[in-house]
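A.B. asks: Return atomic coordinates for the entry below.
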Amino acid sequence: MKEKKLKHLAIIMDGNRRWARAKGLPTFKGHRKGYDIMKKLSDWCSKKGIEIITVFAFSTENWKRSKNEVNYLMSLIRKAVDEELDNFYKNGYKVIISGRIDELPDGLAKKCYQAMEKTKNNTKAILNICLNYGGRAEIVDAVKKIVKDGIKESKINEDLIKKYLYAPDLPEPDIIVRTSGEQRLSGFQIWEGAYSELYFINKHWPDFNQEDIDLIIKEYQRRERRFGGD
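C.D. replies: Numbering: from 1, shown residues only. Here you go, the predicted model:
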């Protein structure tokens, strides 16, 4: 029997702070280590034939954290856009940034749009970064756009709503993975992940490695997806 292909992997990169605390390190060390792992993720996935990677980088709820932690996270995101963009471009990755981008501070929104514009024609793989993202916020924003466009109630269906999501052209995730042992989605890909497989890994995100990609693929291939059928 032909093995089913894992095309779209979505990851909740959880556990940076707990990793740091377990090692007696300041929180920012965990975020920095997690950032270093995320930089490697695209290449790890591409080598295994995974064409789309969606990552939960910063949620709409993360603004509730301390000012120092939020500022450090924003600096890491800015660093990724500034320093890694050329690598993504040269390696053929298309970058999509999903979320309430316009609310990002200090010119970061402009950098995000520039990153998407620069890489829009790349075809090797897609990296979808969920930034200032919440699944409920995404649905609310979609509804607001539908209302603004004056679409009649009779025209509204699931296909139409999908067209108003942050990344409407992407297929739904085949599997959503969360690290650090927590078994919830925390608002991640609420609409898109309705029929995604779920897989929870006990290790913290900074301990994630290339071998974990193999485990995820094996786990996905052993699952039987019915999409509501028999």
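
A.B. asks: quick one: V147 and D141, what's the gap?
C.D. replies: The gap separating V147 from D141 is 11 Å, by CB to CB, to the nearest Å. For the C-beta atoms, the positions are set from N, CA and C on the backbone; glycine is no exception.

A.B. asks: likewise M38?
C.D. replies: For M38, the distance to D141 equals 25 Å [CB to CB].

A.B. asks: picking up where we left off before, who's more crowded, V147 and D141?
C.D. replies: D141 (16 against 9; other CB atoms under 10 Å).

A.B. asks: Q189 belongs to a strand?
C.D. replies: No: Q189 is assigned coil when assessed by DSSP: H, G, I helix; E, B strand; the rest coil, not a strand.

A.B. asks: my read: it touches A10, true?
C.D. replies: Yes: contact criterion CB atoms under 8 Å: Q189 and A10 qualify, at 5.7 Å.

A.B. asks: Mutual contacts of these two, please.
C.D. replies: 54, 173, 176, 196 (CB atoms under 8 Å, 6 or more residues apart in numbering).

A.B. asks: What helix or strand is the third one located in?
C.D. replies: Assigned by DSSP states H and E, I176 belongs to strand 175-178.

A.B. asks: Give the residue spans of the chain that score low on pLDDT.
C.D. replies: The chain contains residues with pLDDT under 70 at 1-3, 227-230.

A.B. asks: Make sure G34 is actually in contact with S180.
C.D. replies: No: using CB under 8 Å as the test, G34 is too far from S180 to be in contact (10.4 Å).
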